[in-house]
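[1] Provided below for reference: sequence and predicted model.
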Amino acid sequence: MGSDKEGSVREIPAPQLSDNDESVVVEEAPLLEPPPDGGAGWVQVFVGHLALFNTFGWFNSYGIFQDYYTSELNLPLSAVSWTGSVQVFLLALIGMFSGRLFDAGYYRSLIAVGSALQLVAIFTASAATEYWQLFLAQGVCGGLGAGILYCPVIACVATYFARRRALAIALVTSGGATGGTVFPLLAQQLPARVGFPWTMRCMGFVVLFNAALMLLFARTRLPPRPRGPLVEWAAFRELPYAFYTVGAFFLLWGVYLIYNYINHFGRTVLGMDRDSALTTLFVANAVGVPGRIGPALVSDAWLGPFRTLVPLAAGAGALYLGWAGVRDAGALYAFAALSGTVNGGVQSIALAGLPALTPDLRKVGTRSGMVMTVGSVACFTGPPIAGALVDAAAGSYLYMQVWAGGLMFVSAAFVAAAWFAHEGRQRRQE
């Protein structure tokens with residue numbers, strides 16, 4: 001079955017119920033063919049991998065730009081971190097809108113518009129000379145472009161898989177790790193030869209190539225759902241979904257801090273040179289590929305997304321606390337490898353858990369976008385709070401490390417609550 005509002009659609013007749021009528025407790029979905037769990041779905045996994053390469057691969061490399069901006073523009077770390085946090089904030093904030101548009105059938109249009117905004121952001125940022133220009137280009141424009149892309153590609157892949165869903169989403173999210181490996185590698189090798197502005201433009205050409213491939217292969221599986229509310233408020237009355245949303249909020253507050261700060265920590269606290277410090281970011285991103293795939297295989301085969309995510313989030317919290325004991329470059333490399341692996345698993349399994357809370361996959365874009373929009377506040381405030389804690393401690397990272405570790409433990413607790421509530425609801429329905 002193929003569908004896309006921009007192409008031919010073969011719909012199976014569905015009962016005509018109003019999505020806006022909150023008095024309807026159960027909406028009967030049309031009879032749809034089961035997900036293929038492979039086949040054409042792997043093509044969409046490839047598309048999603050490229051999308052995450054362009055979005056989170058770029059965001060996970062923000063430590064490159066943060067270090068450059070603090071040294072070249074002489075701005076405090078807490079100020080520069082706002083650009084990075086605004087990117088992720090906007091990505092998450094507009095997930096509610098882009099997710100609903102995906103459900104309505106505008107998938108390829110979203111890819112085209114989101115990619116165009118990303119390219120405008122990268123090429124204009126490469127020519128910027130003042131901080132406000134970087135903020136508007138890289139922070140605002142880049143964040144909007146990424147937000148238009150992110151939620152729809154995750155939702156699309158989820159509709160193609162059931163039994164192998166965690167693995168499929170892990171392969172998609174590993175695009176953030178591969179992009180987060182390629183971009184720092186370019187930043188390490190090119191500036192001495194072509195300068196930092198042209199290094200950014202070279203990164204932009206990589207994004208352009210990926211965007212062209214995405215547009216060529218992107219397809220949806222389910223018929224569009226043109227009618228329906230932007231927000232399904234009834235979902236928040238479901239305990240598993242509500243607990244999971246709170247857990248995702250705390251997770252998003254802390255999980256990405258390693259990518260923003262690890263190379264800055266190496267350079268300013270341990271006295272490493274710029275290239276060596278940048279290598280720690282490279283390591284943290286590179287190990288995220290096996291870090292995502294391993295837990296996904298465990299989730300699909302034995303534990304499921306909830307029981308896999310709880311120990312991963314708790315492990316991420318323990319590693320953040322352990323970061324306080326890092327005293328030399330060797331220990332920082334080890335921390336980068338361990339934390340990058342665990343945080344990679346956290347990111348992939350967190351996304352795999354959302355479709356499990358959506359009985360009607362026609363609403364997966366809307367409900368996933370709602371969680372992302374709630375989490376946008378965490379994305380917006382997390383890096384600046386971390387930077388402010390470092391500044392308040394006169395350059396020491398201890399306050400930030402304790403804060404980040406606590407966030408991940410709280411996240412694990414709420415995900416565990418969502419798991420128990422979900423299991424209880426399933427037992428009552430049997």
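    That came through, no problem. Numbers count the residues shown, from 1 in each chain.
[2] Please count neighbours and contacts with C-alpha atoms only from this point.
    Noted.
[3] any chance you could map the helices in the stretch 151-300 of the chain?
    165-189, 191-194, 196-217, 239-254, 257-268, 274-286, 288-298 (DSSP state H, counting those that start in this stretch).
[4] helices and strands around the strand or helix carrying L110, which ones?
    Per DSSP states H and E, L110 falls inside helix 107-125. With contacts taken as 3 or more C-alpha pairs under 8 Å, 6 or more residues apart in numbering; DSSP states H and E, helix 107-125 sits against helix 95-104, helix 142-160, helix 196-217.
[5] so where's the longest helix in this protein?
    Longest helix in the chain, counting residues (DSSP state H): helix 398-429.
[6] Can you tell me which helices and strands it packs against?
    Against helix 398-429 (3+ C-alpha pairs under 8 Å, 6+ apart) you get helix 239-254, helix 304-322, helix 364-392.
[7] closest to C141 out of those helices?
    helix 364-392 (14.9 Å; C-alpha to C-alpha).
[8] Name the residues of the closest one that come out as buried.
    Neighbour-count burial for helix 364-392, counted by 16 or more other C-alpha atoms under 10 Å, picks out 364-391.
[9] Tell me which other helices or strands that helix touches.
    helix 77-93, helix 95-104, helix 142-160, helix 239-254, helix 257-268, helix 329-356, helix 398-429.
[10] got JSON lines for these, with mean pLDDT too?
    Shown next, in JSON lines, are the helices and strands packed on helix 364-392 (pLDDT from 0 to 100):
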{"stretch": "helix 77-93", "mean pLDDT": "78"}
{"stretch": "helix 95-104", "mean pLDDT": "84"}
{"stretch": "helix 142-160", "mean pLDDT": "90"}
{"stretch": "helix 239-254", "mean pLDDT": "92"}
{"stretch": "helix 257-268", "mean pLDDT": "89"}
{"stretch": "helix 329-356", "mean pLDDT": "88"}
{"stretch": "helix 398-429", "mean pLDDT": "90"}
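[11] Can you tell me which of those helices is most buried?
    helix 142-160 (a mean of 28; mean count of other C-alpha atoms under 10 Å).
[12] now the angle from that helix to helix 77-93?
    40 degrees (axes from the mean of the first three to the mean of the last three C-alpha atoms, to 10 degrees).
[13] report the angle between the axes of helix 142-160 and helix 165-189?
    150 degrees.
[14] Tell me the helices and strands packed up against helix 142-160.
    helix 40-54, helix 77-93, helix 95-104, helix 107-125, helix 165-189, helix 329-356, helix 364-392.
[15] Please save the CA atoms from the fourth one in PDB.
    To tie it back to what came earlier, the one meant is helix 107-125. The C-alpha coordinates for helix 107-125 follow below in PDB (Å, rounded to 0.1, in the frame of the first residue of the first chain):
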ATOM      1  CA  TYR A 107       5.800  14.100   3.900                       C
ATOM      2  CA  ARG A 108       7.900  15.000   0.900                       C
ATOM      3  CA  SER A 109       6.900  18.600   1.100                       C
ATOM      4  CA  LEU A 110       8.100  18.700   4.700                       C
ATOM      5  CA  ILE A 111      11.400  17.200   3.600                       C
ATOM      6  CA  ALA A 112      11.900  19.800   0.900                       C
ATOM      7  CA  VAL A 113      11.100  22.800   3.000                       C
ATOM      8  CA  GLY A 114      13.000  21.600   6.100                       C
ATOM      9  CA  SER A 115      16.100  20.800   4.000                       C
ATOM     10  CA  ALA A 116      16.000  24.200   2.200                       C
ATOM     11  CA  LEU A 117      15.900  26.000   5.600                       C
ATOM     12  CA  GLN A 118      18.800  24.000   6.900                       C
ATOM     13  CA  LEU A 119      20.900  24.900   3.800                       C
ATOM     14  CA  VAL A 120      20.000  28.600   4.200                       C
ATOM     15  CA  ALA A 121      21.100  28.400   7.800                       C
ATOM     16  CA  ILE A 122      24.400  26.800   7.200                       C
ATOM     17  CA  PHE A 123      25.500  29.000   4.300                       C
ATOM     18  CA  THR A 124      24.400  32.200   5.900                       C
ATOM     19  CA  ALA A 125      26.100  31.300   9.200                       C
END
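[16] Perfect, I'm done here.
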